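Enquirer: Sequence and predicted structure are below.
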Amino acid sequence: MSRIGKNPVPVPQGVTVEVNGQDVAAKGKLGSLALRVHDDVSVTLEDGANGGKQVRLAPRSNSKLAKTLWPTSRTLVRNIVEGVSEGFSQTLEIQGVGYRANLQGQDLVLSLGYSHEVRYTVPQGIKVEVDKQTVIKISGIDKQLVGQVAAEIISWRPVEPYKGKGIRKEGQFVVRKEGKKK
């Protein structure tokens, strides 16, 4: 039995969840998200112990596929419920001499030591803020999209291990290497 999958997903105040077959839709103060759960996992909306609603997932069969998709589906449902109520955010730090970021309309303009500026068009549903030209805050209701945007921005200049220059997530530890010796 899965430790993650057996726990129901609580629905917080101000969020409405609709289960229609395999489709789960959540609507909250930040927006709405929908998810189609795999056919090997059953989804039910039921009353919780504290008077609120909760979403419970269970495998339809004893197959290995159903057992592996069960906790994954539960986590995806929890992510959409949490996204429409609180949202998700990631903070990126830019380190390096002359490295900086600016926001021009819907484009994030990065100066990363190349001969040209890097322009990144922010996707719909994502909000990007730039603080002090070296801190980028990415926020949105879709956890996967927030992480994807952060990964795409980091891919322009990942942290190098010798001087630690590049774009990193806030609090990320970088193992530093010793340089060449004579």
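Expert: Right, received. Where do you want to start?
Enquirer: Would you mark the buried spots in the strand or helix carrying S139?
Expert: For S139, the host element (DSSP states H and E) is strand 135-140. Using 16 or more other CB atoms under 10 Å as the test for burial, strand 135-140 gives 136, 138-140. Yep, even glycine has a C-beta here, placed from its N, CA and C like the rest.
Enquirer: Can you check what angle separates the host helix or strand of L69 from strand 135-140?
Expert: In the assignment (DSSP H and E), L69 maps to helix 64-85. Relative orientation of helix 64-85 and strand 135-140, computed by axes from the mean of the first three to the mean of the last three CA atoms, to 10 degrees: 110 degrees.
Enquirer: Which secondary structure elements does the next helix or strand after helix 64-85 sit against?
Expert: Tracing the chain past helix 64-85, the next element assigned as helix or strand by DSSP H and E is strand 88-95. Here strand 88-95 touches strand 135-140, helix 143-154, strand 166-169, going by 3 or more CB pairs under 8 Å, 6 or more residues apart in numbering; DSSP states H and E.
Enquirer: For V41, which of those is the nearest?
Expert: V41 lies closest, by CB to CB, to one member of the helices and strands packed on strand 88-95: helix 143-154, at 18.3 Å.
Enquirer: so the closest one versus strand 88-95, what angle?
Expert: Going by the same axes, to 10 degrees, helix 143-154 makes 10 degrees with strand 88-95.
Enquirer: other SSEs contacting the helix holding L69?
Expert: Applying 3+ CB pairs under 8 Å, 6+ apart, one finds that helix 64-85 makes contact with strand 9-10, strand 23-28, strand 31-36, strand 41-47, strand 53-59, helix 143-154.
Enquirer: V122 is nearest to which of those?
Expert: Here helix 143-154 is closest among the helices and strands packed on helix 64-85 (CB to CB), at 7.2 Å.
Enquirer: All good on my end, thank you.
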